[in-house]
Structures are given as C-alpha cells and as structure tokens.
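Enquirer: Structure for the following, please:
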Amino acid sequence: MSKQKLIVILGPTASGKSELAIKLALRLGSGQAKKKFGINGAEIISADSRQIYRGMDIATAKPSRSKKLKVKSQKYLVNGIPHHLIDVVYPNQEFNVAIYKKLGLKVIKDIQKRGKLPFLVGGTGLYIQTIVDNIEFPKVPPQKKLREKLEKKSAKELFEIYQKLDPEGTKFIEKENPRRLIRAIEVCKVTGTSFWKQRQRGSPLFNVLQIGIKSAREKLQERIIERVQKMFKLGLEKEVKNLIKKYGWIPPLQTIGYQEWKEYFEGKINKNDVKNLIIKHTNQFARRQMTWFKKDKRIKWVKIHRQAERLLKEFLE
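Expert: Numbering: from 1, shown residues only. Model (predicted):
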C-alpha cells in the first residue's frame, strides 16, 4: 500500500513560508485540481514551536485569521484555508516535541482521511524532522523540582549545564530556547545518557516532498527589519506587558521578541535598543535555522513561487 502524501514548506524566519503555503493550498482548492490529482483541497499544519501558545501572537508572527466569517468559527482560518496547531496551549502549560508529534500525526491523518492534502509549514526543524522521519523521543515524565530550579537560570546558564551532560547534543539544540534546554537536561539527568542519542528513527509514515525557501541574505535581512517594524506598530510592547503580568518570565517568554523587553522594563535600555536587539537576534536565529536545514539533502530549494508550483505538480503527478 503506497504511503499518503505530505508537503513540507520550510525555511528561515520571515522567508515567506506562510504566503507560499496559502498560495499553493488555494490552487489545490480548485475543481481542476480535484479532477487532475484527486485532491479535495489542502490544509496547513503549523510547525512553529511558539505559535502553539495562546496569546503569543505578534512576536511569533502568527498568520492573520480571516475576519469575514459570518459566524465566529472555532477553526483558525487564513484566506479560507484551515490552519492547525496554532493556539494549542497556554504559555504556562506543558508542551514538548513528543506532544507535538502526537497532535501533528493525528491532524495530518485526519486531513488525508478527508481527501485533502496536508501542508506542514514552519521553521522549527525539530518539529518537522520528528514528523518526516518518524522520530521517537525518550519518554521521561516532567521532574517538577528540577524544573523549578532550572527555570530560574538564563538560557546561557542552561546551555552550559547541558553542554557538560551532552556535548554532542549541543551541536543540534536551539541554545536560546530555555524550554528545550530544560527538557534536554531533564532527560539526561533521569536516564544518565545523551538526550540526542536516545532519539530513534522509525519507518517513514508518509511520502514527503520538502520545499525550502531560499532567500539572499540581504533580502532576508530586509524582510526581518520590515517584520519587526510591523510588530511594533501592531502593539508588541502591550502584548509583552500583558503576558509578563499574567505569567512572569517563564521559559516560552525568554525567546526572541519577548526577552529583549526585560531590560527596557527595568529602565536600562530604550525602545529603539529593543527593536535593534530583536532584529539582531532574529537574524542570528535565521542563520541557525539554515544551518539545520542544510543538513537535510532531501529538501528542494526554491527562490520563486513558480519553482515551488512546478515541484508540487510533478510530485502529485
């Protein structure tokens, strides 16, 4: 029995993944696409480790929901295309890659069951890899006392702790992501072995086409600057204030777009400094994302939408 198809659209932050995914999904919603490929449209699954959190909207660049619905829909619709795994949990709730995989597989199989094509779209390499390569992670329950102790430390301190426990794993983990570092440390301490080496690759579940968006560095930097400026206009400062007031500086808020405001609220830097820091950190993050993605030789890199459309057509045919 042939495997069901899955489309992955990935790339660094601000590269235009969502726009491309929506454009392709709309094309597949036509009657012609149904007649030619036997597909009844497409739906999008977010592969973003921060868009899963409710209330973390502006700094995570969540796609804007459709506002022209006559009845308020429970679905997250963008240009009429359903989006999944956005606003799944609150920032203070437990979430990790194992939970993501469980939810992601359930959504993908449901979309396929309804005769539609799933698009896995995002920039979190680990989330994408766990679906594409059917990765199994060690089943270690949360260690409350250890977490309470670790959550008081900065990302830099956590990375140093993890480096001593799992030197090989530090080559792959997001060193600015406190939540991921805490989980990795937790697994190492409980099992006494490398978190990264405990990952197991299972048999592939889907027939996958991975499309990567490749932008010139200068162009990507321009897009990042435009995005950050837009975030400030949309009310990023207010979003951060409300989240910190509600949750404090918990790990999900010690990430790009949020962490830079801490010294501003303490009166140590001005708002322009915050903006420049967010731009700087976003550029650094984009480079790390590309380093991760370049390791996967199966990814088909495109510069323009027409190339992606051709790849999709050839894959479906």
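Enquirer: got a list of what residue 18 touches?
Expert: By C-beta atoms under 8 Å, 6 or more residues apart in numbering, the contact set of residue 18 is 44, 63, 78, 121. Quick note: C-beta positions are derived from backbone N, CA and C, even for glycine.
Enquirer: Can you pull the phi and psi angles for it?
Expert: phi -60, psi -40 (degrees, to the nearest 10).
Enquirer: Okay, it and residue 159: tell me how far apart.
Expert: 30 Å (C-beta to C-beta, to the nearest Å).
Enquirer: one step back: so which of the contacts of residue 18 sit within strands?
Expert: Counting by DSSP state E, the contacts of residue 18 place 44, 78, 121 in strands.
Enquirer: Could you check how far the first one is from residue 217?
Expert: If you measure residue 44 against residue 217 using C-beta to C-beta, the figure is 27 Å.
Enquirer: Give me the more crowded residue out of these two.
Expert: Each of residue 44 and residue 217 has its neighbours counted (other C-beta atoms under 10 Å); residue 44 has more, 29 against 12.
Enquirer: can you pull up the bridge partners for that one?
Expert: In this entry, residue 44 is beta-bridged to residue 83, residue 119, by DSSP bridges.
Enquirer: can you pull the contacts of it?
Expert: By C-beta under 8 Å, 6+ apart, the contact list for residue 44 reads 18, 21, 22, 25, 78, 81, 82, 83, 84, 118, 119, 121.
Enquirer: repeat for residue 85
Expert: Residues near residue 85 by C-beta under 8 Å, 6+ apart: 45, 46, 47, 51, 52, 100, 103, 104, 107.
Enquirer: Now do the helices in the stretch 51-200 of the chain.
Expert: Listed in chain order, the helices of the stretch 51-200 of the chain (DSSP state H, counting those that start in this stretch) span 97-113, 125-132, 144-150, 155-165, 178-191.
Enquirer: tell me the average confidence for the second one?
Expert: Per-residue pLDDT values across helix 125-132 average out to 95.
Enquirer: swap in the fourth one?
Expert: The average pLDDT for helix 155-165 rounds to 92.
Enquirer: any idea of the angle that helix forms with helix 178-191?
Expert: Counting by axes from the mean of the first three to the mean of the last three C-alpha atoms, to 10 degrees, helix 155-165 points 30 degrees away from the direction of helix 178-191.
Enquirer: Return the per-residue confidence for the spatially closest residue to residue 273 that is not a sequence neighbour.
Expert: Among residues not flanking residue 273 along the chain, residue 264 sits closest, at 7.2 Å (C-beta to C-beta, 6 or more residues apart in numbering). As predicted, residue 264 sits at a pLDDT of 98.
Enquirer: try residue 74
Expert: What the model reports for residue 74 is a pLDDT of 63.
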